[in-house]
Each structure stands twice: as structure tokens, then as C-alpha cells.
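*Asks:* here you go, sequence then predicted model.
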Amino acid sequence: MGCLNFSPSKTLAPSFLLLLLFCITNIAEAFNFTTISFDEGFSHLFGDGNLVRSPDGQNVRLLLDRYTGAGFISSSMYNHGFFSALIKLPADYTAGICVAFYTSNADVFEKTHDELDFEFLGNVAGKPWRFQTNFYGNGSTSRGREERYRLWFDPSKEFHRYSILWTSRNIIFYIDEVPIREVIRKEEMGGDYPSKPMALYATIWDASNWATNGGKVKANYKYAPFVSDYKDLVLEGCPVDPIEEFPFSACYESDSRIANKDYSAVTPSRRAAMRKFRQRFMYYSYCYDTIRYPVPPPECVIVHDEQRRFKDTGRLKFGGSHKGQKRHSRGRSRTPVSEDPDI
Ligand SMILES: *[C@@H]1O[C@H](CO)[C@@H](O)[C@H](O)[C@H]1NC(C)=O
Ligand SMILES: *[C@@H]1O[C@H](CO)[C@@H](O)[C@H](O)[C@H]1NC(C)=O
């Protein structure tokens, strides 16, 4: 049973308590993985001085100040894997800030890159963080596959685990032990399904033109530095040289090891937790945005309750124009959902 059970109550506090209860009674179900230190698997990517390691290398801090953000990257690229970290986000005023935890190969395959994203979007003081998941395959940047959600906790208060499972069959985004999104590969997706080796990235950056209320609220450096913390890093996959010939037969063993791991199993109770999460916390899905996609992309599973709730816009409250603008950050191009409902 997953570590999640939402009470029907509208207030946060009772469900929080219930949640705690379920977490405590389900500790035995936590994922089985091996954590590594920063030096064992990662290197500094950008932001001189804004990456701070604890002396034992187990904790990493990324800062954003008025001069620069910061980021780190896995030293290897992986052909499939489970990528995970405990993350704590900046507190208080965080409008305009994006904290991203993602896999990509854009540095190697500039025009045909693959990507799997968690992107946390800051907010003004007193308003909660929100986040989106997304993916691209073989350079499909004109076909964003965003979903946006609220969280059932304050991600700046304590560490929570964020994980991306990527196999040849499916993709699962997890928060703690709750699968929040599963993409099952469909043949019709063709190259849109990520298929080339990727590295894991963690970054914090100024996304003032996009992150909060569609760019209406900017980062305010009166509140800098913005601090995000990372620990208990996990890289379980098949490290490969991305330029080598496909397929990577050497990854057969690694793939089957991952397939047998607990985090690869969407048990009925995990599936129920996923459904509850999506009913209650998802506020945008490209699958229901018939303005962008008159025909939903092939991997979309249309749930009729959700379809009714989202109507034709894919979002719960209509937030404005659909015309996204390309955004760039460290070579990442974006065609994001341009407006948020103001919640
Ligand atoms: C956890 O994983 C390790 C290595 O994959 C394995 O040896 C061990 O038996 C697993 N433990 C449990 C409880 O599944
Ligand atoms: C990926 O894109 C390239 C360039 O557009 C194309 O030649 C190739 O066939 C695509 N691969 C797949 C698997 O769709």
C-alpha cells in the first residue's frame, strides 16, 4: 500500500495527519535502492560558488542569487534507470523561481534530444509551490506533454523524495512512494518516447518570464539567496557511452534488475493512490487540452470523470492564452503551458 490516503476533507490539516499515519504504518514498503554520495555520481554543472557540498558529500545545496543559479549533472549517461533524490525547496517568497529535476541528453543530441522533467514553480509568500511533469522524445519540443499539479504538503518544510523511472516500456514519476503519473509506451508515439541515454540534472534558475502566473510575478532578489537542498541521491541504471551504436545489449541485465525492483511495480494500491492524487491535485493536463491537441496524443488515457472536469481546455480554471513562447535555460528549450490558474 502506498504512503498516501487522502481524506475527503477540504482542509489540509486532517488529511495531513491521515497521511502521516499511513506513512508511518507503511515504512516497510519504502523503495529498495542504494544511495550514493555526490562525488560518486555527479559533478558541478554551472553557477560558480552556488553549489555547496557537505564535508561528507552526502548533502548538496544549490543556490540562486541575483548573479546566477546553479546545477549539477550525473557523471554518466544512462540507458534506462531510476533517478531519485530527497529534495527540499526554497521557502517564503519564491515567485519566478524554477527548481528542475530532470533527465536529458540535449548536450549530446542537440536537435533530437530526449527529456523527462519535474519542474517546481515558485510562488509569492503564502501561496504554495506548484509543479509540472513533462517529457520529450527525439526533439519533439513542439509537442509539450505537460501536466500541472499542486502538492499535498509544503515542499519547503522537509525533504521529500522525487523519482523518475524510465524503462523501455513505461515512465513513472513518483513523489515519495506515490506514482503521480505513468506513461505507457505506445508504438504510435514513435520517436516521441524517450529512447536515447540521458543524464540526470538538478538545477535552480530564474524563470521569471514563465514560472509564476505565466510570468506576471517575477523573482525578487530582496529574498535571495534561494536555497534548494538535495540528499540521498539514487542513480540506478545502465551507464553507457551515448555515442555508441544502439542497441545497448549490455543493458539487458540492468533492465531486468530494474524491472524486478519494487519501484517498477504499480500495485493496485499504488494505482489507487495515483488516481486519488490526480483527482485531487492535478489542475492541467495536455491530454484534455483540445485547443492544443484536437486529437489527444496516443499515450493519453482518457478518464471520463477527468474529461468532464477539465472540459476542453485541459485546465480547471481558464487562465488565458495558449500561446507559449520558447524559453531557454542552459540549452533547454521550452514550449510551456503559458498561464496558470491563480490558486
Ligand atoms: C534490495 O536490493 C538489493 C540489491 O538489489 C537486494 O540484494 C536485496 O535483497 C533487496 N532487499 C529487499 C528487501 O528486497
Ligand atoms: C528522430 O529524428 C530524426 C531527425 O528528425 C529522424 O531522422 C529519426 O528517424 C527520428 N527517430 C525516430 C526513432 O523517430
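*Replies:* That came through fine. Ligands and ions are numbered 1, 2, ... in the order given.

*Asks:* quick one: residues contacting the residue of the stretch 101-250 of the chain found nearest ligand 2.
*Replies:* Across the stretch 101-250 of the chain, no residue is closer to ligand 2 than residue 191, which sits at 2.5 Å (Cβ to the nearest ligand atom). Yep, even glycine has a C-beta here, placed from its N, CA and C like the rest. Residues near residue 191 by Cβ atoms under 8 Å, 6 or more residues apart in numbering: 112, 137-140.

*Asks:* just these that are near ligand 2?
*Replies:* With Cβ under 6 Å from any ligand atom as the criterion, the contacts of residue 191 include 112, 138 near ligand 2.

*Asks:* which of the contacts of residue 191 fall within strands?
*Replies:* Applying DSSP state E to the contacts of residue 191, no entry is found in strands.

*Asks:* and the contacts of residue 191 as JSON lines, adding pLDDT and neighbour count?
*Replies:* Formatted as JSON lines, those follow (pLDDT from 0 to 100; neighbours: other Cβ atoms under 10 Å):
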{"residue": "112", "pLDDT": "97", "neighbour count": "15"}
{"residue": "137", "pLDDT": "98", "neighbour count": "21"}
{"residue": "138", "pLDDT": "98", "neighbour count": "17"}
{"residue": "139", "pLDDT": "97", "neighbour count": "18"}
{"residue": "140", "pLDDT": "96", "neighbour count": "22"}
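
*Asks:* just the contacts of residue 191: which are in helices?
*Replies:* Among the contacts of residue 191, DSSP state H puts none in helices.

*Asks:* which one of the contacts of residue 191 sits closest to residue 316?
*Replies:* Using Cβ to Cβ, residue 140 comes nearest to residue 316 of those, at 25.9 Å.

*Asks:* which residue is the nearest non-sequential neighbour of the closest one?
*Replies:* Leaving out its chain neighbours, the residue that sits closest to residue 140 by Cβ to Cβ, 6 or more residues apart in numbering is residue 192, at 4.6 Å.

*Asks:* helix or strand: which one has the most centrally placed residue in the chain?
*Replies:* Centroid-nearest residue in the chain, with Cα atoms, centre = their mean: residue 118, separated by 1.6 Å. Residue 118 belongs to strand 115-121 when assigned by DSSP states H and E.

*Asks:* contacts for that strand, please.
*Replies:* Contacting residues not belonging to strand 115-121 are listed as 89, 97-106, 129-136, 155, 162, 164, 166, 171, 173, 194, 198, 207, 211-212, 332, 340 [Cβ under 8 Å, 6+ apart].

*Asks:* please see if that strand touches ligand 2.
*Replies:* No: in terms of Cβ under 6 Å from any ligand atom, no part of strand 115-121 sits within range of ligand 2; the closest distance is 13.9 Å.

*Asks:* okay, and the helix or strand of the chain with the least pLDDT?
*Replies:* strand 327-329 (a mean of 39; mean pLDDT, DSSP states H and E).

*Asks:* which phi and psi does the closest residue to residue 166 other than its chain neighbours have?
*Replies:* Take residue 166 and drop its neighbours on the chain: the residue closest to it by Cβ to Cβ, 6+ apart is residue 80, 5.5 Å away. Main-chain torsions, residue 80, degrees, to the nearest 10: phi 70, psi 160.

*Asks:* give me the phi and psi for the residue nearest to residue 140.
*Replies:* According to degrees, to the nearest 10, residue 192 has phi -70, psi -20.

*Asks:* which pLDDT does the model give the spatially closest residue to residue 217 that is not a sequence neighbour?
*Replies:* Counting by Cβ to Cβ, 6+ apart, the nearest residue to residue 217 once its immediate chain neighbours are dropped is residue 95, at 4.1 Å. The score at residue 95 is 96. That number is its pLDDT.

*Asks:* roughly how far apart are the nearest residue to residue 277 once chain neighbours are set aside and residue 70?
*Replies:* Nearest residue to residue 277 in three dimensions, chain neighbours excluded: residue 180, at 5.2 Å (Cβ to Cβ, 6+ apart). As for residue 180, its distance to residue 70 is 26 Å (criterion: Cβ to Cβ, to the nearest Å).

*Asks:* which residues sit in contact with the residue nearest to residue 277?
*Replies:* 133, 149, 173-174, 274, 277-278, 281.

*Asks:* and if you look at residue 160?
*Replies:* By Cβ under 8 Å, 6+ apart, residue 160 lies in contact with 86-88, 153, 175-176.

*Asks:* next structured bit after the strand or helix carrying residue 233?
*Replies:* If you go by DSSP H and E, residue 233 is part of strand 226-240. Per DSSP H and E, the first helix or strand lying C-terminal to strand 226-240 is helix 252-259.

*Asks:* quick one: that following helix to chain centroid distance?
*Replies:* 23 Å (Cα atoms, centre = their mean, to the nearest Å).

*Asks:* from residue 235, how far off is residue 205?
*Replies:* Residue 205 is 22 Å from residue 235, by Cβ to Cβ.

*Asks:* what stretches of the chain score poorly on pLDDT?
*Replies:* Along the chain, the model assigns pLDDT under 70 to residues 1-29, 245-248, 317-343.

*Asks:* which of the residues in stretch 63-79 are buried?
*Replies:* Within stretch 63-79, the residues scored as buried using 16 or more other Cβ atoms under 10 Å are 63-65, 68-74, 76-79.
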